[in-house]
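Novice: Prediction below, plus the sequence it came from.
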Amino acid sequence: MESLHSKSLTTSSGDGLSTQKYVDVEEVRDGVIVLKNGSLRAVLLVSSINFDLKATEEQDSIVGQYQNFLNSLDFPIQIIISSRKLNINPYLDYLKKKETQLKNDLLILQLVEYQNFIKNLTDVSNIMSKFFYVVVPFYPVESTSSGIFDKLFGATNSKMAVSKRRELFDTYKNQLWQRLDHISAGLSGTGVHVAPLSTEEIIELLYNSYNPSTHNNMIIKDTDKIELR
């Protein structure tokens, strides 16, 4: 299956071509990634569990549920683990704001010392944050002569053509969402939480993936608060 990344993302400076030409994504809409070949992708954010802290019976149950989930799949999926250096600045700003609200000098001193401890710890340690994603594909079955890409992004902009393309996209999206429901049900049996990314969250994920040096962390959802789907 196609991944979210093209094999080549750079061009020589003399060819005058945009690097966008080498990115497989055509657009993102309604929480769906549309690739240039017309196939669709949805992205699920999956929370983590501390497997080592589970009892032996619980571990066996989790492994069994995961095996059942894998055996139930009749389509490919892509599992992505994103590791980023933790950006502690938002937390330090939060502590700084709390400091101004305190009236007790002893509490203020303790909070200042705690801030210094956190800052020094992150400066000397390479603390990483990890996010887990499942990319779910859907390939519309179309003949090469008609072309799914032409149907989704045809040049005709009449009201009827636009309405037809929207109807076609909604049909494929519904079929993709059926796959998401299947994966969510299967993974929830292992004890993890699952939630689909919205359009804005997918764009943030793609931007951070193609620009790893511009952001130290990736905060998309609080996995402890996401609802099971």
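Specialist: That came through, no problem. These numbers were taken from a predicted model, which means no experiment stands behind them.
Novice: just the strands in the chain please.
Specialist: For the chain, the strands defined by DSSP state E cover 25-29, 32-35, 40-46, 78-85, 128-138, 194-196.
Novice: export those to a markdown table and tack on mean pLDDT, distance to I62 and mean neighbour count?
Specialist: From N, CA and C alone the C-beta is placed, and that goes for glycine too. Formatted as a markdown table, the strands of the chain follow (pLDDT from 0 to 100; distance: least, CB to CB, whole Å; neighbours: other CB atoms under 10 Å):
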| stretch | mean pLDDT | distance to I62 | mean neighbour count |
| --- | --- | --- | --- |
| strand 25-29 | 88 | 33 | 16 |
| strand 32-35 | 91 | 30 | 21 |
| strand 40-46 | 94 | 13 | 22 |
| strand 78-85 | 86 | 16 | 13 |
| strand 128-138 | 90 | 15 | 17 |
| strand 194-196 | 93 | 15 | 22 |
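Novice: mind checking pLDDT for the residue of the chain positioned farthest from its centre?
Specialist: Largest separation from the mean C-alpha position in the chain: D105, at 43.4 Å (CA atoms, centre = their mean). What the model reports as pLDDT for D105 is 89.
Novice: Can you name the residues that contact it?
Specialist: By CB atoms under 8 Å, 6 or more residues apart in numbering, no residues touch D105.
Novice: Same check on V32?
Specialist: L40, R41, A42, F169, K173, L176.
Novice: And S72, how far from E204?
Specialist: 30 Å (CB to CB, to the nearest Å).
Novice: Neighbour count for these two, which is higher?
Specialist: E204 (16 against 11; other CB atoms under 10 Å).
Novice: Distance of that one relative to L45?
Specialist: For E204, the distance to L45 - CB to CB - is 12 Å.
Novice: returning to what we had before: can you add distance to S163 and give the strands of the chain back as JSON lines?
Specialist: Below are those laid out as JSON lines (distance: least, CB to CB, whole Å):
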{"stretch": "strand 25-29", "distance to S163": "15"}
{"stretch": "strand 32-35", "distance to S163": "18"}
{"stretch": "strand 40-46", "distance to S163": "19"}
{"stretch": "strand 78-85", "distance to S163": "32"}
{"stretch": "strand 128-138", "distance to S163": "21"}
{"stretch": "strand 194-196", "distance to S163": "26"}
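Novice: Ok, which of those strands comes nearest T122?
Specialist: strand 78-85 (8.8 Å; CB to CB).
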